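Asks: based on what follows, work out the 3D shape:
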Amino acid sequence: MQKAGIWSEIDRKTKVRLRGARFRSNGSARLLKRSSNILFGIVAVTLSASVVHWLYQSPVSTSTEIKIHLGGTIPDNEVPLIAEARAMRRVALARSVQVESNRNASHFAERFNIDWDLARLICSISENENMDPGLIFNVINVESQFNTKAVGKVGEIGLMQVRPETALTIDPGATVEKLFDPAYNIRIGIKHLKDQLHFFRGDLRLALLAYNRGRGTINSLLSVGLDPSNGYASRIMGGSM
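Replies: Numbering: from 1, shown residues only. Below you'll find the predicted structure:
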């Protein structure tokens with residue numbers, strides 16, 4: 001075979017092999033791509049199934065919450081789960097509030113150097129009455145310095161130095177003996193302070209002055225243009241709450 005023919009044949013065979021290799025390469029690529037798509041599909045379906053399972057099998061699924069908000073019909077089999085989940089949430093919330101309250105009690109017990117149980121009692125009652133515990137601690141500190149047996153010059157009793165006649169306006173069953181009970185004294189004292197806050201439309205300074213000096217005295221001074229301040233409110237409001 002002549003040299004030109006040999007090179008022609010080599011060239012032809014080389015092209016044939018290259019086309020075959022390219023075909024196999026493309027086939028492998030297509031196969032790999034197809035396999036990747038299949039694998040991706042399997043993973044996607046698995047994840048989707050897991051998400052759907054979580055949504056519908058969790059105690060109160062997202063889909064169920066949406067149904068509730070939209071006023072949709074809830075399947076009978078989900079009703080007990082919803083009730084259970086809500087009960088668990090209430091318990092968790094209550095525990096969270098208790099933990100926070102205990103943390104506050106520890107803070108105030110250390111700050112005022114008082115027994116933790118007393119600090120916890122003040123925090124608990126303040127929170128139940130929707131009052132800032134810091135404010136109540138400051139009032140008690142100024143009034144009695146946390147002495148549960150304290151008695152004032154004009155008959156004020158206990159932690160918040162409540163007069164028996166004042167207590168009777170809040171609780172017709174109030175007695176001197178009851179006012180020496182720390183929990184009762186705190187509740188009556190807070191209710192009395194809240195009454196002043198309501199009367200003076202949320203003005204804390206005037207409410208504190210009325211708590212200390214009496215509402216009548218404060219109104220009389222205000223009516224003639226005099227400042228009723230005597231330093232009491234400043235001592236309480238100046239403390240860190």
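Asks: mind checking the pLDDT average for the strand or helix carrying V99?
Replies: Using DSSP states H and E, the element containing V99 is helix 79-112. Helix 79-112 comes out with an average pLDDT of 79.
Asks: next, count neighbours for P80.
Replies: Using other CB atoms under 10 Å, P80 has 10 other residues around it. (C-beta placed from N, C-alpha, C; glycine too.)
Asks: the one 4 residues further on now?
Replies: Taking other CB under 10 Å as the criterion, the count of residues near E84 is 12.
Asks: same thing with L221?
Replies: 16.
Asks: quickly find the element holding it.
Replies: helix 215-223.
Asks: now the element after that helix, going C-ward?
Replies: helix 232-237.
Asks: which other helices and strands contact that following helix?
Replies: helix 133-143, helix 204-213 (3 or more CB pairs under 8 Å, 6 or more residues apart in numbering; DSSP states H and E).
Asks: got the buried residues for the last one?
Replies: For helix 204-213, the buried set under the neighbour-count rule, 16 or more other CB atoms under 10 Å, comprises 204, 206-213.
Asks: mind putting those into a markdown table with distance to A92 and pLDDT?
Replies: Listed next are the buried residues of helix 204-213 as a markdown table, based on distance: CB to CB, whole Å; pLDDT from 0 to 100:
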| residue | distance to A92 | pLDDT |
| --- | --- | --- |
| L204 | 34 | 97 |
| L206 | 40 | 98 |
| A207 | 36 | 98 |
| L208 | 37 | 98 |
| L209 | 42 | 98 |
| A210 | 40 | 98 |
| Y211 | 37 | 98 |
| N212 | 41 | 96 |
| R213 | 45 | 96 |
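Asks: and those residues, which is closest to G134?
Replies: When those are compared for distance to G134 (CB to CB), L204 wins out at 12.1 Å.
Asks: show me the domain layout of the protein.
Replies: 3-57, 122-237 (automatic domain parsing).
Asks: before we move on, the earlier item: following element in sequence after the helix holding V99, please.
Replies: helix 116-128.
Asks: ok, back up a step: go through the domains of the chain and find the least confident stretch.
Replies: domain 3-57 - the lowest mean pLDDT of those, at a mean of 49.
Asks: where does I157 fall, phi/psi-wise?
Replies: phi -130, psi 140 (degrees, to the nearest 10).
Asks: wait, isn't it in contact with T166?
Replies: No. Applying CB atoms under 8 Å as the test, I157 and T166 come out as separate, 9.8 Å apart.
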